[in-house]
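> Any chance you could fold what I've pasted below:
(chains A and B)
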Number of protein chains: 2
Amino acid sequence: MARLRFQISMSLDGYVAGPDPSVEQPLGEGGEQLHEWVFGLAAWRQPHGREGGEVNASTPVVESTLENVGAALMGRNMFGGGPGPWGEEPWEGWWGDEPPFHMPVFVLTHHPREPLEKGETTFHFVTDGIESALAQAKDAADGRDVSLGGGAEVARQYLAAGLIDEMLLSVVPVLLGGGTRLFDGLGALDPKLEPVDAIHAPGVTHLRYRAAR
Amino acid sequence: MARLRFQISMSLDGYVAGPDPSVEQPLGEGGEQLHEWVFGLAAWRQPHGREGGEVNASTPVVESTLENVGAALMGRNMFGGGPGPWGEEPWEGWWGDEPPFHMPVFVLTHHPREPLEKGETTFHFVTDGIESALAQAKDAADGRDVSLGGGAEVARQYLAAGLIDEMLLSVVPVLLGGGTRLFDGLGALDPKLEPVDAIHAPGVTHLRYRAAR
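Got it, this is the predicted structure:
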C-alpha cells in the first residue's frame, strides 16, 4: 500500500519559514538556518549536482527519505513562489533545468497549466484539490510511496485531512520568532501520530511519526 | 558550577498548556495529555506517594531530572494558580501537605509573602526578579543544580536572559491548537542551544539541549 510520507525542517518554536519571505529570500528571514544541517551533507549535495560534503547521523535519514519514492507532492510556493499568478510567460520555478526530483511532481495550485518537463522531472499542476493530487501522485508512483516536502499550507491541509502516513520532523535548535508555523490552525489529529524513533545528529534532531490507524 | 536545568512537556504544536486554564483545569483544555507519559511511571508515582507504575525508556530521563538537584524555581501559577493575589487567607498552592520537592522552592511572584513550610519542602516567595531568584536558589542548592519546571512565562524570562544551562523538552505527539506556547515572543537565543541527545519513549520524545557557552 503506497504511503504518503511528509518531511520538513522546523525550528524549536515551530516555524518552517521565517518572516517576510520574498523572491530573494524564499524561506523568509532566518529561514535558511532550518536547512543548514542538510546543505553540508554529501547525501544532499550529490543529487543536487554538488561535490563533496560530509557523512554523519543525518545521512541515513536523508537517504531514507528518497528510498522507495515514486512521486512527489508540493504546494505552489515550494514550486515557484513569486508574486503569481503566472502571467503570459509562465514562471519556471526555483528548480532550474535539472531539478533534483527525477520523478513526477504534482504541484497544488489554483491556476491550470500544462505539465512542465525539466530534465528527468515533470511538474504536473493540479487544481482540483489535495485528494485528487494524492490520487494522481499515487497512480504515477506505481506502487511506491509519495513524498510531500511542503510548504506548510499544503502540509496542513494533508494533516487536517488525516492523509499523512509518515512524518519526519527535523527540529533545528533555533528560534525564528515569527514566520510560518507548521501546526497553526489544526485541531486534534485524526488519526493520531505516534512517535517511531528519534535520531540525534549534528545541529538537528529527527523525529519520526506514523499515523496510528 | 551549579547549573540551571529546565524541563517541560510540550505538544507538537508548541503548547505547554491548553486553552482556558482554570482552578479546576490548571493545564487548560487538553493540557493533561502533555503529562500522560509521566503519570504512569513508577519513577513519577513513587515521589508523589503513589504505588505501582511502569518502567520504560522515560524512566532514566525522569530520574535524571531529580539527580543532583538542590533547589527548584517556579512561577507563581505553577505554585498556586487561582485568581490571586493572595488575600487574608493565603492560598497554599496545588501541592498539598507533602509536596514532592523535598527541597527549597523559590516562587517568582509580585506579592511578598513569608516562606511556607510543607513537609520537607519550603516555598520561598521572591519578588525582586529572576536573577535574584536564581541567585537565592543556587545559594540554597549549595553546589548542586537548580531545577526549573515552569510555567511558560517564567521559563521564557530565563530563556530570554540566557540563564538556562540545560533544557529537557518532552515532546508529546498531540496538537492542542491553542493555549500557552513556550517559545512565544522570544528572539534568537543567546547563548544558542545545542542538541545533546534524543530519547524515543512510549508516547513522548525527550530532546536534551545545553547552552553553547
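> just checking, what's the longest helix in chain A?
Secondary structure of chain A per DSSP state H: the longest helix is helix A:130-141.
> Pull that one out as PDB, backbone CA atoms only.
In PDB, the C-alpha atoms belonging to helix A:130-141 read as follows (Å, rounded to 0.1, in the frame of the first residue of the first chain):
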ATOM      1  CA  ILE A 130      -5.400  17.600  -2.300                       C
ATOM      2  CA  GLU A 131      -7.200  14.300  -2.600                       C
ATOM      3  CA  SER A 132      -7.100  14.400  -6.400                       C
ATOM      4  CA  ALA A 133      -3.400  15.400  -6.300                       C
ATOM      5  CA  LEU A 134      -2.600  12.500  -3.900                       C
ATOM      6  CA  ALA A 135      -4.600  10.000  -6.100                       C
ATOM      7  CA  GLN A 136      -2.700  11.200  -9.200                       C
ATOM      8  CA  ALA A 137       0.600  11.000  -7.400                       C
ATOM      9  CA  LYS A 138      -0.100   7.500  -6.100                       C
ATOM     10  CA  ASP A 139      -1.000   6.500  -9.600                       C
ATOM     11  CA  ALA A 140       2.200   7.900 -11.000                       C
ATOM     12  CA  ALA A 141       4.200   6.300  -8.200                       C
END
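> helices or strands next to it in the packing?
The helices and strands touching helix A:130-141, judged by 3 or more CB pairs under 8 Å, 6 or more residues apart in numbering or on different chains; DSSP states H and E, are strand A:69-75, strand A:104-108, strand A:121-126, strand A:145-148, helix A:152-160. In this view, the C-beta of every residue, glycine as well, is placed from N, C-alpha and C.
> Just want the most central residue of chain A.
The centroid of chain A falls nearest to residue A:149 when counting by CA atoms, centre = their mean (1.0 Å).
> nearest residue to it other than its sequence neighbours?
Nearest residue to residue A:149, sequence neighbours excluded (CB to CB, 6 or more residues apart in numbering or on different chains): residue A:74, at 5.8 Å.
> what bridges to that neighbour?
Beta-bridge pairing of residue A:74, defined through DSSP bridges, involves residue A:107.
> residues contacting residue A:52?
Residue A:52 sits next to A:42, A:45 when contact means CB atoms under 8 Å, 6 or more residues apart in numbering or on different chains.
> before we move on, what about residue A:102?
Listed by CB under 8 Å, 6+ apart, the contact set of residue A:102 reads A:47, A:119, A:120, A:121.
> how far away is the second one from residue A:49?
The spacing between residue A:119 and residue A:49, counted by CB to CB, to the nearest Å, is 10 Å.
> Mind putting the contacts of residue A:102 into JSON lines with distance to residue A:205, pLDDT and neighbour count?
Formatted as JSON lines, the contacts of residue A:102 follow (distance: CB to CB, whole Å; pLDDT from 0 to 100; neighbours: other CB atoms under 10 Å in any protein chain shown):
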{"residue": "A:47", "distance to residue A:205": "23", "pLDDT": "85", "neighbour count": "14"}
{"residue": "A:119", "distance to residue A:205": "33", "pLDDT": "92", "neighbour count": "13"}
{"residue": "A:120", "distance to residue A:205": "33", "pLDDT": "93", "neighbour count": "12"}
{"residue": "A:121", "distance to residue A:205": "30", "pLDDT": "95", "neighbour count": "19"}
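> Share the number of residues neighbouring the residue nearest to residue A:149, please.
By other CB atoms under 10 Å in any protein chain shown, 24 other residues sit near residue A:74.
> Settle this for me: it is touching residue A:152, isn't it.
No. Counting by CB atoms under 8 Å, residue A:74 does not reach residue A:152; the two are 11.5 Å apart.
> so what's the closest residue in space to residue A:213 that isn't next to it in sequence up against?
Take residue A:213 and drop its neighbours on the chain: the residue closest to it by CB to CB, 6+ apart is residue A:191, 5.1 Å away. Counting by CB under 8 Å, 6+ apart, residue A:191 touches A:162, A:211, A:212, A:213.
> Name the residues of stretch A:39-59 that are buried.
Within stretch A:39-59, the residues that count as buried by 16 or more other CB atoms under 10 Å in any protein chain shown are A:41, A:43, A:44, A:45, A:53, A:56, A:58, A:59.
> Many thanks, we can stop here.
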